[in-house]
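**Q** Test case, fold it:
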Amino acid sequence: MSPQPKTTPFRLTPHFDAIPEELRALPQWVCWKYQPDPKGGKPSKVPVDPQDCGNASSTNPATWDTFDNARIVFEANKDLAGIGFVFTKDDPYAGIDIDHCLDRAGMPNATALRLLSLFDSYSEKSPSQTGLHIIVKCGKELPGKKKDNIEVYTHSRYFTFTGRTSAKRTKDIRDHGQALVDFYDEFFLGRGTHAREEPAAYEWVSGSKYGMAALREELDKLRRANEGERNTTLNEVAFSLGQLVAGGELTRQGDVEDAIKEAATEIGLGDAEIIATMRHGMSAGLLKPRKAPDREKREKEPEPDPWDSVDFMDYRVGRYLDAPPPPVDYVITGLPVGCVGGIIAPPGAGKTHFAQAIAGAVATGQASIADDIFEIPKQGRVLVISAEDREWAVHDRIWRGFGSVFDPFDAEEAERAAQIKADLRENMIVFPAKGRDLSLIAQGQSGWTSTHGYESLLAKVQKVPNLRLIVLDPLARFFTANENDNPAGTYFCVLLERIAKATGSAILINHHTNKGSSRPGKDFILEAALHQDAARGASALTGAWDWQYNLCPLPGKFASSRLGVQARDEEYLAGRASKVRFGRKGDITFFKAGEAGMLVHLEDKFVKEKMSTNAVLRKRIIEEIKRKEEAGEKRISITTLARTFASEWKEDGATRDKLDALAKIMVSDGALKLVTETQGRKPSEYLALGEVEEPGIESGIESED
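**A** Predicted structure coming up:
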């Protein structure tokens, strides 16, 4: 990419007709001029009142004018550099300013491309021609923020306008309110997908799901309050939360007040004003109780009768004796339509990418999308609800996961790639649900019941045609009960089975492993890590599932020994279907951890050859070192071992390089050790038996079960 040009100020006549008409219709326009920096720095852009050419203010409407008047004044006054639009609290517009993101050819850098993709709305070049402005509809007040080369404003700020747009991009101002809030929280406040997970906020406060969601929303509102509005906002927040305390949605008033104090202190309010303002608002709110909108209705509704319309006489076995059973309709190997399954792995092990690959394989009918690990008997539509991702994170993951599919090397592959891309566009749906209340169960008067959100989800998924697979990622965002609660786990699975039955699809859930099997350690046992019981939480969850696949990061020494590679901890993973109600479990599959959570499947042939060949050669090396020690012969170095036995053990797959590498691995995993001896003129390192006993060759390949 070309270097950045110097930004010498100059008068740039805007393309007035290219500026969106809906902005031109508002009387929120100013002119502007360059004002030199007395210290010789970058000149500032000073707003000018079109009515008298005096100074304008982004907070004083009396200094603004219509678009037409601003244009006339600009064209008549050569000292002015351009025109600008003022964002206010009364309009829905917001501006995103990206500095120094265009090269000399006008090509945007990676940051600009990502934001242009995330905010597909009106955009134009800045007056310097090196930056970009994106205008979106937001409808929410966000304090102006600047970080690195990116600024975001929703009010009390003016943006210069040039009308210098790209022919390839939309000229409409589109609504990206939630996306902007998500980006704002992620980029400026550090609360997003890539921020380190913290303990649940306000864990000392208890209340209903509705009450806790309202608490977080109100306190976020307080944190975002602008200076000069913080006391008023504090009073409003205390009033709203007081209503919920009185309505029983939040339990202890003192705990709620502590949470309010914490948030108010963060934004710089003093203790005395916090207490006085908070108590005033809280007292007023307690006089006007407020409950969740659907709480009373749900409490009065009768529970559904699971035996309604059932006549047991209809299920005499004669119905199964007149014809052979129909073939099982598998979505992927071992997981039929109407069933529920799970992918179990520690955080960061790559299960989200793994589930995405499965989703892509079903959407395209191409098992190769998921590295041919599973058979895909039938193509169909897939819905992925990504509960921990913002939209830009989904975009990044989809591009990383499938981008290489669209870069073929020959015409035949190009045709296939085009078809795969078309199938993905049509059949794969990925919904970023970060920040939404996705709980499917709630505690009712007589036990667990479905939430309004569940009923809404059930209705919506039934409208998706040809649905074959639903992926919920992760379990914790949908199952909000205590994860060790077995009755809750059982009922949750019943709800998922209803969805699967109603849609004719299978459901796949991403879930975490328990602490005992989540990470490799000195007591690592592969069979335990790949067992059904490795899943975290209630056994009723995995007990009710029809299919489960475990992913397990491997200790470096274990991977080195089993795969014949020099490996770090968690660089390689093993995977296996640990539960298959309809079929067999299958063999262990190995992966290498790739970039950003991607998993690279190691071909079965490669793995088996490595495991069997290395096991034989390891045994050969141990026997030779042991023979020399028992015979009292001189020890040999790694170099001598590789040179001497490469040809002798050739039939077992030996080469000089392989023996050299394998001996070093055996030293690192303790099967061998290096001792220093003087056999010639100077001391050198020679091989000796290590302290770790070498397993027999038969243990080199994993058993079936």
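**Q** Any buried residues in the helix or strand containing residue 657, and which?
**A** According to DSSP states H and E, residue 657 maps onto helix 656-668. For helix 656-668, burial by neighbour count (16 or more other Cβ atoms under 10 Å) applies to 658, 659, 660, 661, 662, 663, 664, 665, 666, 667, 668. Using the backbone N, CA and C atoms, a C-beta is placed for each residue, glycine as well.
**Q** quick one: contacts of that helix?
**A** Outside of helix 656-668, the residues that reach it under the criterion Cβ atoms under 8 Å, 6 or more residues apart in numbering are 557, 560-561, 564, 566, 614, 617-618, 621, 638-639, 641-643, 645-646, 649, 672-674, 687, 690, 694.
**Q** avg pLDDT for the helix or strand that comes right after that helix?
**A** Counting by DSSP H and E, the element after helix 656-668 in chain order, helix or strand, is strand 672-678. Regarding strand 672-678, the rounded mean pLDDT is 88.
**Q** And stretch 546-562, by the same measure?
**A** For stretch 546-562, the mean per-residue pLDDT is 85.
**Q** cool, stretch 320-332 as well?
**A** When pLDDT is averaged along stretch 320-332, the result is 88.
**Q** For it, measure first residue to last.
**A** 26 Å (Cα to Cα, to the nearest Å).
**Q** again, but for stretch 549-559
**A** 20 Å.
**Q** what distance separates that stretch from the centre of its chain?
**A** Centroid separation for stretch 549-559 versus its chain: 22 Å, with Cα atoms, centre = their mean, to the nearest Å.
**Q** At the geometric centre of the protein, which residue do we find?
**A** residue 389 (3.9 Å; Cα atoms, centre = their mean).
**Q** mind listing what residue 289 touches?
**A** Counting by Cβ under 8 Å, 6+ apart, residue 289 makes contact with 243, 246, 247, 248.
**Q** about what we covered before: mind putting the buried residues of helix 656-668 into CSV with distance to residue 540?
**A** Output for the buried residues of helix 656-668, formatted as CSV (distance: Cβ to Cβ, whole Å):
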residue, distance to residue 540
658, 49
659, 52
660, 52
661, 47
662, 46
663, 50
664, 48
665, 43
666, 45
667, 47
668, 43
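**Q** what's near enough to touch residue 236?
**A** Counting by Cβ under 8 Å, 6+ apart, residue 236 makes contact with residue 281.
**Q** Swap in 10 Å and give it another go.
**A** The contact partners of residue 236, by Cβ atoms under 10 Å, 6 or more residues apart in numbering, come to 218, 221, 222, 225, 229, 277, 281, 285.
**Q** ok, back up a step: tell me which of the contacts of helix 656-668 fall in strands.
**A** Secondary structure defined by DSSP state E assigns 672, 673, 674, 687 of these to strands.
**Q** Show me what the first one is bridged to.
**A** Partner residues in beta bridges with residue 672: residue 689, with DSSP bridges as the criterion.
**Q** tell me, how many neighbours does it end up with?
**A** Residues near residue 672, counting by other Cβ atoms under 10 Å, number 25.
**Q** Any figure for the gap between it and residue 646?
**A** The gap separating residue 672 from residue 646 is 18 Å, by Cβ to Cβ, to the nearest Å.
**Q** same thing with the second one?
**A** Taking Cβ to Cβ as the measure, residue 673 and residue 646 are separated by 22 Å.
**Q** picking that back up, so which of the ones in strands among the contacts of helix 656-668 wins on neighbours?
**A** For those, neighbours were counted by other Cβ under 10 Å; the highest total belongs to residue 672, with 25 neighbours.
**Q** and that one, what is it in contact with?
**A** 618, 621-622, 625, 638, 641, 662-666, 687-692, 694.
**Q** same check, this time on residue 344
**A** Residue 344 neighbours (Cβ under 10 Å, 6+ apart): 351, 475, 509-514, 517-518, 529-536, 542, 545, 548-552, 575, 578-579.
**Q** same deal with residue 384?
**A** 352, 355-356, 358-360, 363, 394, 398, 428-433, 469-473, 508.
**Q** Tell me what it is bridged to.
**A** residue 430, residue 471.
**Q** quick revisit: just the buried residues of the contacts of residue 344.
**A** 351, 475, 509-513, 517-518, 529-532, 534-536, 542, 545, 548-552, 575, 578-579.
**Q** Strands - which of those land there?
**A** Assigned to strands by DSSP E, the following of these qualify: 509, 510, 511, 548, 549, 550, 551, 552, 575, 578, 579.
**Q** Next, the buried residues of the helix or strand in which residue 399 is found.
**A** Taking DSSP H and E as the definition, residue 399 sits inside helix 391-402. With burial defined by 16+ other Cβ under 10 Å, the residues of helix 391-402 counted as buried are 391, 392, 393, 394, 395, 396, 397, 398, 400, 401, 402.
**Q** which among those gets closest to residue 34?
**A** Nearest to residue 34 out of these is residue 392 (Cβ to Cβ; 34.3 Å).
**Q** What about the nearest residue to the closest one once chain neighbours are set aside, how many residues nearby?
**A** What sits nearest to residue 392 in space, not counting adjacent residues and going by Cβ to Cβ, 6 or more residues apart in numbering, is residue 118, at 4.6 Å. Other residues lying near residue 118 total 20 when counted by other Cβ under 10 Å.
**Q** do residue 500 as well
**A** Residue 500, neighbours per other Cβ under 10 Å, totals 24.
**Q** what does residue 311 give?
**A** Neighbours around residue 311, by other Cβ under 10 Å: 7.
**Q** do the same with residue 23
**A** 18.
**Q** what about it, helix or strand, and which?
**A** helix 21-24.
**Q** which parts of that helix are buried?
**A** Buried, per 16+ other Cβ under 10 Å, within helix 21-24: 23, 24.
**Q** Just name whatever secondary elements the next helix or strand after it is in contact with.
**A** Note on helix 21-24: by DSSP H and E, the next helix or strand toward the C-terminus is strand 29-35. Other elements packing on strand 29-35 under the criterion 3 or more Cβ pairs under 10 Å, 6 or more residues apart in numbering; DSSP states H and E are strand 44-48, helix 67-76, strand 82-87, strand 157-161.
**Q** Quick check: residue 100 is in a helix.
**A** No: counting by DSSP: H, G, I helix; E, B strand; the rest coil, residue 100 falls outside a helix, being coil.
**Q** Report whether the expected contact of it with residue 128 is present.
**A** Yes: if you go by Cβ atoms under 10 Å, residue 100 and residue 128 touch, sitting 8.6 Å apart.
**Q** higher neighbour count, those two?
**A** Neighbour totals were compared for residue 100 and residue 128, and residue 128 leads with 20 against 17 (other Cβ under 10 Å).
**Q** Check the secondary structure at that one for me.
**A** Assignment for residue 128 (three-state DSSP): coil.
**Q** Next one: it from residue 145, what distance?
**A** When residue 128 is compared with residue 145 (using Cβ to Cβ), they lie 21 Å apart.
**Q** related to what we said a few turns ago, redo the buried residues of helix 391-402 as a markdown table? Include pLDDT and distance to residue 262.
**A** Formatted as a markdown table, the buried residues of helix 391-402 follow (pLDDT from 0 to 100; distance: Cβ to Cβ, whole Å):
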| residue | pLDDT | distance to residue 262 |
| --- | --- | --- |
| 391 | 88 | 30 |
| 392 | 87 | 29 |
| 393 | 86 | 28 |
| 394 | 88 | 32 |
| 395 | 88 | 34 |
| 396 | 85 | 33 |
| 397 | 85 | 34 |
| 398 | 87 | 38 |
| 400 | 80 | 38 |
| 401 | 80 | 40 |
| 402 | 80 | 43 |
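**Q** Quick check: mean pLDDT of stretch 593-613?
**A** Averaged across stretch 593-613, pLDDT comes to 61.
**Q** rewinding a little: now the contacts of helix 656-668: which count as buried?
**A** By 16+ other Cβ under 10 Å, the contacts of helix 656-668 give 557, 560-561, 564, 614, 617-618, 621, 638, 641-642, 645-646, 649, 672-674, 687, 690, 694 as buried.
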